[in-house]
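Peer 1: structure for this input, please:
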Amino acid sequence: MRVSSESAGLWRATDDGAAAADGEAQGRAVLGHQPHRPVLAVPRDWAHHRKRLARCVLGFGRRTVGGVRGRLYVVTDPSDGDLVEPKPGTLRHAAVQEEPLWIVFAGDMIIRLNEELLVNSHKTIDGRGANVHIAYGAGITLQFVENVIIHGVHIHDIKVGGGGFIRDSPNHYGLRTRSDGDGISIFGSSNIWIDHVSMSNCMDGLIDAINASTAITISNNHFTHHNEVMLFGAHDENSEDAVMQVTRMPRCRWGFFHVLNNDYTHWQMYAVGGSQHPTIVSQGNRYIAPADINAKQVTKRDYATEDQWRQWTWRSEGDLLMNGAFFVQSGPRRPHLRFSNKGMIKAKPGSFATRLTRYSGALTCKVNAPC
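Peer 2: Residues are numbered from 1 along each chain as shown. Next up, the predicted model:
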């Protein structure tokens, strides 16, 4: 798994103890803010050029273009009544289509999903220009799909789904078991970009990426009021998750994680954790430790002896450690990374955290005004 994470706003924790950005992953991931290319530095006519957004993705998910090759689909109906024959004009009807689509919203709406929303490949869910909340019901699932962008929406108060027959494409529906209550669940999927999304208070994780998901960038998001925020890799035995590449702030299993230009505060157990020898490169983050003298350490390693985890490559470069925060590094001083540097974003110093994270989460973009 490859995951990239960039300036993701404030990371908060609940009374249960784990940091709000708590993820486990396999693959490559980038987690954080994109410091060198303003994602939405666009003029007042941005609504006429929505698809330019696809040029902005950086990190391991840099090849993601979503529905850029498709038509605009305007969601006009916030209902979610029929899971097998979704009504045209609803988000569910748009999400299951086979063709590439750039999905936008006719106006402000709260969408309560009766069961998990199965998103097909080559889709962009673009909430700019409207105040869109996916809330008080089930969450979003990306399962065995590729090339999906989720941008500019609020996802919160997500509940466990009961399962049942749910459509996942125009030609197929199947019997689904209960969903876990994740805000966004990524399963066996690749080329995913989650950007400027505000997430909080989901029953399980905010974002889970498992089962060899890879090439993921999670950027410019705001996560708050949650425990177990991000999980990358759900099981120690799933070694196929070693392909995971993720950019962002995680609780990681296997894989390669680039965590850059995030602002971490109010954690109660740790900010960055992992097991099963993940590679974690932390660059340009600000870690402000809580008052609790027992929770000053940024890192947490699970299910390994010290002799074992000392071999894991966990590096801190240019991070700003405040209020007694400390990052326990491990691995060789000049590690030979198992993945190439291609897709890694050049980080700003940790002292830039405030300015890089000030626009985290869903933006209040309005048509005919700069966004």
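Peer 1: now do the helix or strand where residue 155 lies: distance to the chain's middle.
Peer 2: When elements are defined using DSSP states H and E, residue 155 is found to belong to strand 154-156. The chain centroid and the centroid of strand 154-156 are separated by 12 Å, computed with C-alpha atoms, centre = their mean, to the nearest Å.
Peer 1: and the helix or strand that it is followed by, which residues are buried?
Peer 2: Proceeding N to C from strand 154-156, the next assigned helix or strand is strand 164-169, under DSSP H and E. Under the neighbour-count criterion of 16 or more other C-beta atoms under 10 Å, strand 164-169 has 166-168 buried. C-beta coordinates here come from the backbone N, C-alpha and C atoms, glycine included.
Peer 1: give me the number of residues near the closest residue to residue 365 other than its chain neighbours?
Peer 2: Using C-beta to C-beta, 6 or more residues apart in numbering and skipping residues adjacent in sequence, the residue nearest residue 365 is residue 371, 3.8 Å away. By other C-beta atoms under 10 Å, 20 other residues sit near residue 371.
Peer 1: try residue 315
Peer 2: Look at residue 315: counted by other C-beta under 10 Å, it has 19 neighbours.
Peer 1: how much space separates it from residue 348?
Peer 2: Going from residue 315 to residue 348 by C-beta to C-beta, to the nearest Å gives 17 Å.
Peer 1: follow-up on the earlier one: okay, the buried residues of strand 164-169 in JSON lines with pLDDT next?
Peer 2: Converted to JSON lines, the buried residues of strand 164-169 look like this (pLDDT from 0 to 100):
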{"residue": "166", "pLDDT": "99"}
{"residue": "167", "pLDDT": "99"}
{"residue": "168", "pLDDT": "98"}
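Peer 1: reformat these as JSON lines; add distance to residue 121.
Peer 2: JSON lines is the format used below for the buried residues of strand 164-169 (distance: C-beta to C-beta, whole Å):
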{"residue": "166", "distance to residue 121": "17"}
{"residue": "167", "distance to residue 121": "15"}
{"residue": "168", "distance to residue 121": "11"}
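Peer 1: for residue 143, which non-adjacent residue is closest in space?
Peer 2: Using C-beta to C-beta, 6+ apart and skipping residues adjacent in sequence, the residue nearest residue 143 is residue 187, 4.4 Å away.
Peer 1: was I right about the one you found contacting residue 212?
Peer 2: No - taking contacts as C-beta atoms under 8 Å, residue 187 lies outside contact range of residue 212: 9.1 Å.
Peer 1: so these two - more neighbours on which side?
Peer 2: Neighbours were tallied for residue 187 and for residue 212 using other C-beta under 10 Å; the higher tally belongs to residue 212 (22 against 17).
Peer 1: phi first, then psi, for that one.
Peer 2: The phi/psi pair for residue 212 (degrees, to the nearest 10) reads phi 60, psi 20.
Peer 1: need the pLDDT of the spatially most central residue of the chain.
Peer 2: For the chain, the residue whose C-alpha lies nearest the mean C-alpha position (C-alpha atoms, centre = their mean) is residue 218; its distance is 4.1 Å. You'll see residue 218 listed with a pLDDT of 90.
Peer 1: return the distance of it relative to residue 111.
Peer 2: As for residue 218, its distance to residue 111 is 21 Å (criterion: C-beta to C-beta).
Peer 1: what of residue 95?
Peer 2: Plainly put, residue 95 is 11 Å away from residue 111 if you go by C-beta to C-beta.
Peer 1: who has more neighbours, the two?
Peer 2: Set side by side, residue 95 and residue 111 show more neighbours around residue 95, with 25 against 22, by other C-beta under 10 Å.
Peer 1: so that one sits against residue 116, correct?
Peer 2: No - using C-beta under 8 Å, residue 95 and residue 116 do not qualify as a contacting pair, with a distance of 10.7 Å.
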